[in-house]
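In: Sequence and predicted model, in that order:
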Amino acid sequence: MTVKIVRNVASLRREISQWKIQGLTIAVVPTMGALHEGHLDLVREGFKHADRVVVTIFVNPKQFGVNEDLSRYPRDEEGDIEKLAAENVPMIYAPTPDSIYPPGFSSSVHMEGPAMAGLEDKFRPHFFDGVATVVSKLFIQTGANYAMFGEKDYQQLQVVTRMAKDLDIPIEVVGCQTRREEDGLAMSSRNRYLSKTERQQATAIYKNLMQAAEKIRSGVNQQTATRAASRSLTTLGFKVDYVTARNAETLAVPQDEGEPLRLIAAAWLGKTRLIDNIGV
Ligand code: PAF
């Protein structure tokens with residue numbers, strides 16, 4: 001199937017309205033490109049929910065801080081198109097920067113609640129407002145019925161779910177399981193920054209989260225288990241931003257026994273920042 005590539009909101013709406021006239025449902029998969037199997041899983045999951053899947057590719061400057069990796073963020077549009085064509089994706093929305101932020105653009109979606117849980121927000125304070133602003137625009141521009149997000153960016157998943165609810169955007173945000181490499185490393189566009197040695201070490205994040213989850217299930221205190229994981233990662237050469245247990249929905253620090261828990265971690269390996277999380 002040939003993929004249609006649209007670059008502006010007027011063309012996008014023209015295409016989408018044709019589908020809507022036919023009564024077809026639509027799933028959107030928002031991405032920043034440099035697609036890997038994890039993204040393709042979201043596409044496949046999208047097709048399980050809706051008749052048509054639109055993949056958006058836009059490296060959103062508003063979610064990068066001044067010292068972050070915007071300029072070196074991997075871009076591979078040709079490769080992305082090939083991968084999506086192989087999945088029979090009918091349309092890619094790869095907007096020009098002006099289609100998302102036209103001259104004079106003056107709005108921002110400011111998020112609280114899960115966006116202020118003291119996790120990613122603590123280290124990337126601009127991040128979730130940038131994500132919420134672009135994602136709300138993509139939801140409104142596509143008018144999709146479903147939006148597919150990976151659980152790997154767990155806080156982001158909770159933030160966009162909350163945002164759609166708060167802003168009455170009629171879309172169902174669907175969380176999809178993290179796709180992992182054979183050794184357990186969560187797939188991420190940033191993994192390509194890892195050197196060969198770092199790539200081997202990187203799997204320790206998942207292993208330590210698994211060990212911590214196992215300890216908590218067998219009765220060890222959450223803090224004791226997550227601190228041990230953090231110490232172990234530090235010993236292995238990681239610079240740990242956090243390893244913590246949170247309420248799986250609100251991301252608040254757990255107060256009661258029996259709350260649904262998520263173990264969430266972020267750590268640097270050399271110049272690459274890795275994040276991961278698992279349920280307990
Ligand atoms: O997860 C990402 O790739 C981005 O944060 C998203 C959701 C596409 C918004 O730019």
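Out: All right, it came through fine.
In: what about the closest residue to residue 204 other than its chain neighbours, how many residues close to it?
Out: Distances taken as CB to CB, 6 or more residues apart in numbering place residue 236 nearest to residue 204, at 5.2 Å, with adjacent residues excluded. Placement of C-beta: from N, CA and C, glycine included. Burial measure for residue 236: 16 neighbouring residues, criterion other CB atoms under 10 Å.
In: pretty sure residue 236 is in contact with residue 201, am I right?
Out: Yes. Counting by CB atoms under 8 Å, residue 201 is a contact partner of residue 236 at 6.1 Å.
In: ok, the residue nearest to residue 93 when sequence neighbours are not counted - how many residues close by?
Out: Nearest non-adjacent residue to residue 93, counting by CB to CB, 6+ apart: residue 56, 4.5 Å away. As a burial measure, residue 56 scores 27 neighbours (other CB under 10 Å).
In: separation between the residue nearest in space to the middle of the chain and the ligand?
Out: With distances taken as CA atoms, centre = their mean, the residue of the chain nearest its centroid is residue 153 (4.0 Å). To the ligand, residue 153 is 5 Å away according to CB to the nearest ligand atom, to the nearest Å.
In: same thing with residue 27?
Out: Taking CB to the nearest ligand atom, one finds residue 27 at 14 Å from the ligand.
In: If that residue is in a bridge, with which residues?
Out: Beta-bridge partners recorded for residue 27 (DSSP bridges): residue 53, residue 146.
In: give the contact list for it.
Out: 46-47, 49-50, 52-54, 144-148, 174 (CB atoms under 8 Å, 6 or more residues apart in numbering).
In: which bits of this structure sit near the ligand?
Out: Residues of the chain lying near the ligand by CB under 6 Å from any ligand atom: 30-32, 60, 63, 131, 134-135, 153, 156.
In: Of the residues you listed - the most surrounded one?
Out: Neighbour max across the residues of the chain next to the ligand (other CB under 10 Å) = residue 135, 27 neighbours.
In: Could you report the pLDDT at that residue?
Out: In this model, residue 135 is scored at 98, pLDDT.
In: one step back: ok, the residues of the chain next to the ligand vs residue 5, which is closest?
Out: Nearest to residue 5 out of the residues of the chain next to the ligand is residue 31 (CB to CB; 13.8 Å).
In: and residue 279, what are its bridge partners?
Out: residue 262.
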